[in-house]
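Engineer: no FASTA, just this:
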């Protein structure tokens, strides 16, 4: 069903970011022309820079680190398997993992193809120390700042159970900075621990608003389709894209 396709996910994000950016520019007395859609001759272009942030801390032991890698690899393949007449979707992926420190495993500027990217995904080694999601988010924000295309939709997928080391700085501050830089932040809980009220509340606070659109769980067997369908149910079909 086309509504559960990666294409729908991408076009909806294009619409969401275009609306929010246009509103901001109006407030500043500037033109509200699209920052994301470029009419290059016959085809429309839309740039997407998507960063995966994997939890490589003690929270992801017992196979959860491998489960994250499998999700990233499979989701990335689906994202690349998109063709559409009169549209050119320029998708680049980046990869980070974090524990007590952060490793930028694959930069946006390194992007060539999904095969090269996924080979790096599966080559990652588990760190297994404490959880410091503050540094994970700040490093991702820095990566977007340094390497994202000027008009790209910027999306970060943070996988974690939200239980930080006591010495970790407040991740909410890092999340606020990411959102201020127009990064759409999704949080994906690793296990049933993330469904517990205090932890789930933190994941919702870290994620972009409204939280019900940006908080998911790796325990959901249909995570990818659920992610797409949730966006569809909230936003419907954007009129600017016509009927597909």
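Structural biologist: Happy to help now that I have it. Since this is a predicted model, take the numbers as computed values, not measurements.

Engineer: which stretches in the chain count as strands?
Structural biologist: 37-40, 43-55, 87-98, 102-106, 153-159, 183-189, 215-217 (DSSP state E).

Engineer: tell me the angle the fourth one makes with strand 43-55.
Structural biologist: Okay, so that is strand 102-106. Using axes from the mean of the first three to the mean of the last three C-alpha atoms, to 10 degrees, the inter-axis angle of strand 102-106 relative to strand 43-55 is 140 degrees.

Engineer: partner strands of strand 102-106, with direction?
Structural biologist: Sheet pairing of strand 102-106 (DSSP bridges) gives strand 87-98 (antiparallel).

Engineer: indicate which one of the strands of the chain is closest to residue 74.
Structural biologist: Across the strands of the chain, the minimum distance to residue 74, taken as C-beta to C-beta, is reached by strand 43-55, at 11.9 Å. All C-beta atoms are positioned from the backbone trio N, CA, C, and that covers glycine.

Engineer: quick one: the closest one to strand 153-159, angle?
Structural biologist: Strand 43-55 runs at 20 degrees relative to strand 153-159, counting by the same axes, to 10 degrees.

Engineer: for strand 43-55, buried residues please.
Structural biologist: In terms of neighbour count (16 or more other C-beta atoms under 10 Å), strand 43-55 has its buried residues at 44, 46, 47, 48, 49, 50, 51, 52, 53, 54, 55.

Engineer: any idea how far that strand is from the chain center?
Structural biologist: Chain-centre distance of strand 43-55: 7 Å, with C-alpha atoms, centre = their mean, to the nearest Å.

Engineer: next, the angle from that strand to strand 183-189.
Structural biologist: Interaxial angle, strand 43-55 versus strand 183-189 (the same axes, to 10 degrees): 40 degrees.

Engineer: dump the strands of the chain to TSV, plus mean pLDDT.
Structural biologist: Converted to TSV, these look like this (pLDDT from 0 to 100):
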stretch	mean pLDDT
strand 37-40	54
strand 43-55	87
strand 87-98	89
strand 102-106	98
strand 153-159	92
strand 183-189	93
strand 215-217	93
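
Engineer: could these be laid out in TSV, adding distance to residue 167?
Structural biologist: Formatted as TSV, the strands of the chain follow (distance: least, C-beta to C-beta, whole Å):
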stretch	distance to residue 167
strand 37-40	44
strand 43-55	17
strand 87-98	14
strand 102-106	15
strand 153-159	20
strand 183-189	21
strand 215-217	25
